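*Asks:* Sequence first, then the predicted structure, then my questions.
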Amino acid sequence: MIPNRFNIVTDGQWGSTGKGLITTALASIHKPEILSTTNMANAGHTAVWDSDRKFIAKALPSAAALKTWMDDYNPTIVIGPSAALHIDQLLKEIDETKTEDLIIHPRSGVITKDHQTSECDLDSGTKHIASTMQGCGAFLADKIMRRKELKLARDYDELDKYVYKGDSLPQTLYNRIMYEDHTMLHEGSQGFSLDINHGSHYPNCTSRGTTAIQNVADMGLPLHCVGDIYLVIRPYPIRVGNVVENDKVVGHSGGCYDDHEEMTWEQIMADSGAPESIANNICKTELTTVTKRLRRAFGFSNKQLKQAVLSNGATKIALNFANYIDWSCYQCNEYEKLPTKVMDFIHMVEDNAGIPVSVVGTGPNNNDICVL
């Protein structure tokens, strides 16, 4: 991570790459003074500490949990203007992380029950594309149309104490980064291949841009502020599960790139050498954080990787779920002890991406990583 810069963690596939683990691990190591996000309610990021403490973030950055998990770390949390959240969820996360030093951009969004309900209709909503149906697209449509009745973060009394009151939040952040020696870590949400403009399969995508460059624009910062851009990938990329009702697929989450194909979790577990106790329960653990549907899994795509590196301007790669390549590396945190099968995969990724793999995730806990 580059100090005194705006560093970004972004997703190189269709989401669920484990950005919560990578962001929280990086934050615990480098302790950036500012953590930011522009998350929406359709994405949930999970951070785990010592197996017994878990934080699921849908509004705050997942690394906000470090405020309670580490005695010597108390970063400022910033929610950017392109975020959209449920107030009850935000207040729950604030309480859970004991967050007080929170800044919310006044134009951040608040999703209502009406927004959610409108997306659940099979004909007029987003169920047909197996959306999470959390109301994010409906909110964005109202914001774009500048509906008279739409209320933003600045309009809610519950959020008033956190809403930024100055002239320019980007200017404040810029000053902290460039003149006050603060480092900033931004946690992107969803995946590059779900980007509404640059993703793989429109309309089976999300409702906005998801690239690292979009995150920079959303936060209103200039490009010369940007530091490292970590592209998080997994060896078997996933898509959210289809929507099935009465044994019929009524919502399909989309296709894949032409250099890979859909796989079963049983096949992946067998190839990794996972113990029977893990393999037998994989369909209970590989559920998406928000929808709780079983994820669809695919083989690795070099085409997807190359497009993600290019469009995100990635400088480093974080390979997560390395234990799905070879289960013998489960919870390994020493690079030198990674098995040959994993090292071969890392070299293949580096050859195709043209940038280094600098973080390897091997399990769910914050210290289940190898940092190069």
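*Replies:* Nice, thanks for sending it over. None of the values given here were measured: they were computed from a predicted structure. Residues are numbered from 1 along each chain as shown.

*Asks:* any weak-confidence spans in this protein?
*Replies:* 124, 127, 129-131 (pLDDT under 70).

*Asks:* biggest helix in it, by residue count?
*Replies:* When the chain is parsed with DSSP state H, its longest helix is helix 340-353.

*Asks:* For the stretch 1-150 of the chain, which segments count as strands?
*Replies:* For the stretch 1-150 of the chain, the strands defined by DSSP state E, counting those that start in this stretch cover 6-11, 34-37, 45-49, 53-57, 76-79, 84-85, 102-104, 109-110.

*Asks:* JSON lines for the ones you listed, including distance to Gly227 and mean neighbour count?
*Replies:* Where C-beta positions appear, they are placed from N, C-alpha and C, glycine not excepted. Below are the strands of the stretch 1-150 of the chain laid out as JSON lines (distance: least, CB to CB, whole Å; neighbours: other CB atoms under 10 Å):
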{"stretch": "strand 6-11", "distance to Gly227": "4", "mean neighbour count": "30"}
{"stretch": "strand 34-37", "distance to Gly227": "12", "mean neighbour count": "26"}
{"stretch": "strand 45-49", "distance to Gly227": "20", "mean neighbour count": "23"}
{"stretch": "strand 53-57", "distance to Gly227": "22", "mean neighbour count": "19"}
{"stretch": "strand 76-79", "distance to Gly227": "16", "mean neighbour count": "24"}
{"stretch": "strand 84-85", "distance to Gly227": "26", "mean neighbour count": "28"}
{"stretch": "strand 102-104", "distance to Gly227": "20", "mean neighbour count": "21"}
{"stretch": "strand 109-110", "distance to Gly227": "27", "mean neighbour count": "24"}
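
*Asks:* Show me what the helix or strand following the longest helix of the chain pairs with in its sheet, parallel or antiparallel.
*Replies:* Next along the chain after helix 340-353, taking DSSP states H and E as the criterion, comes strand 357-361. Paired strands of strand 357-361, with direction, are strand 316-319 (parallel), strand 369-371 (antiparallel) (DSSP bridges).

*Asks:* Name the residues of stretch 301-315 that come out as buried.
*Replies:* Under the neighbour-count criterion of 16 or more other CB atoms under 10 Å, stretch 301-315 has 301, 304-305, 307-309, 311-315 buried.

*Asks:* can you check stretch 222-240 too?
*Replies:* Applying a neighbour-count criterion of 16+ other CB under 10 Å, one finds 225-240 buried in stretch 222-240.

*Asks:* pull the CA atoms of it into CSV?
*Replies:* What follows is stretch 222-240, C-alpha atoms only, in CSV (Å, rounded to 0.1, in the frame of the first residue of the first chain):
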residue,chain,number,x,y,z
PRO,A,222,-7.9,13.5,-8.8
LEU,A,223,-6.0,10.7,-10.4
HIS,A,224,-2.6,11.8,-9.0
CYS,A,225,-3.9,10.9,-5.5
VAL,A,226,-4.2,7.2,-6.5
GLY,A,227,-1.8,4.7,-4.9
ASP,A,228,-2.1,0.9,-5.2
ILE,A,229,-5.1,-0.7,-6.8
TYR,A,230,-5.5,-4.2,-5.5
LEU,A,231,-7.5,-6.5,-7.8
VAL,A,232,-9.1,-9.3,-5.8
ILE,A,233,-9.7,-12.6,-7.6
ARG,A,234,-10.6,-16.2,-6.8
PRO,A,235,-9.4,-19.3,-8.7
TYR,A,236,-13.0,-20.3,-9.4
PRO,A,237,-15.0,-17.1,-10.1
ILE,A,238,-18.6,-17.1,-9.1
ARG,A,239,-21.9,-15.6,-10.1
VAL,A,240,-24.9,-15.1,-7.8
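
*Asks:* Centre of the chain to that stretch, how far?
*Replies:* 9 Å (CA atoms, centre = their mean, to the nearest Å).

*Asks:* Please apply the same query to stretch 38-50.
*Replies:* Chain-centre distance of stretch 38-50: 7 Å, with CA atoms, centre = their mean.

*Asks:* circling back to that earlier point, between all of the buried residues of stretch 222-240, which two are separated the most?
*Replies:* Using CB to CB, the buried residues of stretch 222-240 reach their maximum pairwise distance at Cys225 and Tyr236, which is 34.3 Å.

*Asks:* what's the neighbour count on Lys292?
*Replies:* Residues near Lys292, counting by other CB atoms under 10 Å, number 8.

*Asks:* what residues are up against Thr315?
*Replies:* By CB atoms under 8 Å, 6 or more residues apart in numbering, the contact set of Thr315 is 228-230, 355.

*Asks:* cutoff 6 Å now
*Replies:* 228-229 (CB atoms under 6 Å, 6 or more residues apart in numbering).

*Asks:* Begin at 53 from now on, thanks
*Replies:* From this message on, residue numbering opens at 53, which makes the last subject Thr367.

*Asks:* Tell me how far it lies from Ala264.
*Replies:* Using CB to CB, to the nearest Å, one obtains 10 Å as the distance from Thr367 to Ala264.

*Asks:* likewise Tyr309?
*Replies:* Per CB to CB, Tyr309 is found 20 Å from Ala264.

*Asks:* ok, the two, which is more surrounded?
*Replies:* Using other CB under 10 Å as the criterion, Tyr309 and Ala264 rank with Ala264 on top: 28 against 20.

*Asks:* Now that that one has come up, it's in contact with Gly64, right?
*Replies:* No. Assessed by CB atoms under 6 Å, Ala264 is found out of contact with Gly64, at 9.9 Å.

*Asks:* how close does Lys106 get to Glu171?
*Replies:* 28 Å.

*Asks:* ah, wrong one, I meant Arg228
*Replies:* The gap separating Arg228 from Glu171 is 37 Å, by CB to CB.
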